[in-house]
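Asker: Got a predicted structure here, sequence first:
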Amino acid sequence: MQQRVSLYRLTLMNQIKRKHENLSSMISRRELLRKTSAGFPSLALTALLAQESIATKVNPLAAKRPHHAPRAKSVIFLFMGGGPSQVDLFDPKPKLAEFENKKIPITLPRITRDATPNCRPSPYTFQKHGESGIVISDLLPHLAKCADDLCVIRSMHCDHIEHSAAIRQLTTGDGV
């Protein structure tokens, strides 16, 4: 039975055979192992380190243990819809006094800009209370005595200036 082989394939096979013969005449098996054996331990070490790094791969967003032992057993989240403004109770805004009776110095959508009156600072005074120095309005003298037992968070913000949209974002996370 005859088999046809293309001339290109035959030429390619001959070239590979010649290269293999040249390589085997240049170095013996024993010499090849002796010269390359120094690389094998590094290959094994690389494999072991790769396995260890896979085993210790941790999601950076996963919950972590706290830096200190937690003391709080529960949290009371006060959302006082319709209650007094935080600007009048816990969050003095000294910059508002600079812009009193002036237009808000930020770019707002036209509907909000036209409906928003001039800036008005809180008419109440604030004092630092307790060892922590939490600033609390004089409207809350009894709560001010407990200042060191409070945690006032002033870093929260939202994308809305309009109250109902801001409340929805605060309570649900939906910023639409």
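Answerer: The structure has been received and is ready for your questions. Numbers count the residues shown, from 1 in each chain.

Asker: so which strand or helix has the residue lying closest to residue 123 once chain neighbours are set aside?
Answerer: In space, and not counting its chain neighbours, residue 123 is closest to residue 88: 7.8 Å by CB to CB, 6 or more residues apart in numbering. Heads up, the C-betas are built off the backbone N, CA and C, glycines and all. Using DSSP states H and E, the element containing residue 88 is helix 86-89.

Asker: Name the residues that touch the following helix or strand past that helix?
Answerer: Sequence order places helix 94-98 as the next helix or strand after helix 86-89, per DSSP H and E. The contact list for helix 94-98 (CB atoms under 8 Å, 6 or more residues apart in numbering) reads 87, 119-122.

Asker: Weed out the non-buried ones from these.
Answerer: Neighbour-count burial (16 or more other CB atoms under 10 Å) applied to the contacts of helix 94-98 gives 119, 121-122.

Asker: and those residues as TSV, adding pLDDT?
Answerer: Shown next, in TSV, are those (pLDDT from 0 to 100):
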residue	pLDDT
119	74
121	81
122	84
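
Asker: Pick the one among the residues you listed closest to residue 74.
Answerer: The closest of those to residue 74 turns out to be residue 122 (CB to CB; 30.8 Å).

Asker: now, which of the buried ones among the contacts of helix 94-98 sits nearest residue 73?
Answerer: residue 122 (33.9 Å).

Asker: Send over the helix or strand harbouring residue 142 as CSV, restricted to the C-alpha atoms.
Answerer: Applying DSSP H and E as the criterion places residue 142 in helix 141-144. Taking C-alpha atoms only, helix 141-144 is exported to CSV below (Å, rounded to 0.1, in the frame of the first residue of the first chain):
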residue,chain,number,x,y,z
PRO,A,141,-28.0,69.5,77.6
HIS,A,142,-28.9,66.1,79.1
LEU,A,143,-27.6,64.1,76.2
ALA,A,144,-24.4,66.2,76.3
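
Asker: what's downstream of it, the next helix or strand?
Answerer: Criterion used, DSSP H and E; the element after helix 141-144 is helix 163-172.

Asker: Which parts of the protein are strands?
Answerer: Assigned by DSSP state E, the strands in the chain fall at 126-129, 134-137.
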